[in-house]
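Asker: can you look at this prediction? I've put the sequence above it.
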Amino acid sequence: QVQLVESGGGFVQAGGSLRLSCAASGRSVGNYAMGWFRQAPGKEREFVTVIDWNGRSTYDGDSVKGRFTISRDKATNTVYLQMNSLKAEDTAVYYCAADRVYGRRWRDPVGIEYWGKGTPVTVSS
């Protein structure tokens, strides 16, 4: 079992930056790929980005390429999402997730093994 707790959400003006954190705990959590999804009101959950188990490879969703960066601290089992050049359309609840598989499967949230409860991000235009 893996537990994920997000933090760092809040309000920010368009063009600003925010960093989200996800603290992971549980058996063999270091062997999991970890990533982020987001869900805006009335919309489906959308893949944001994922990082592999050792922090050497990342895979981004199309809407955030060049603006968001994921990183991982294996010593503390914490994953970060640095969000720059934020836009109003980035407003959503951001969810941390973990899965044994890394890569394109993350484009579909169905079947992702573990989820956090989410942290809201609001970007004002």
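Answerer: Good, I have the coordinates.
Asker: buried sites along stretch 13-26?
Answerer: Along stretch 13-26, the positions that meet the burial threshold by neighbour count (16 or more other CB atoms under 10 Å) are Leu18, Leu20, Ser21, Cys22, Ala23, Ala24. Glycine gets a C-beta too; all of them are placed from N, C-alpha and C.
Asker: from Ser125, how far off is Gly35?
Answerer: Using CB to CB, to the nearest Å, one obtains 27 Å as the distance from Gly35 to Ser125.
Asker: neighbour-wise, which of those two wins?
Answerer: With other CB atoms under 10 Å as the criterion, Gly35 and Ser125 differ in neighbour count, and Gly35 comes out ahead with 27 against 9.
Asker: what's that one in contact with, if anything?
Answerer: Neighbour list for Gly35: Phe47, Val48, Thr49, Val50, Ile51, Ile70, Val79, Cys96, Ala97, Ala98, Asp99, Trp106 [criterion: CB atoms under 8 Å, 6 or more residues apart in numbering].
Asker: and it, that's in a helix?
Answerer: No - under DSSP: H, G, I helix; E, B strand; the rest coil, Gly35 sits outside any helix and is assigned strand.
Asker: which residue is the nearest non-sequential neighbour of it?
Answerer: Spatial nearest neighbour of Gly35, chain neighbours left out: Val50 (3.1 Å); criterion: CB to CB, 6 or more residues apart in numbering.
Asker: I figured that neighbour was touching Phe37, is that so?
Answerer: No - with contacts counted by CB atoms under 8 Å, Val50 stays clear of Phe37, the gap being 9.4 Å.
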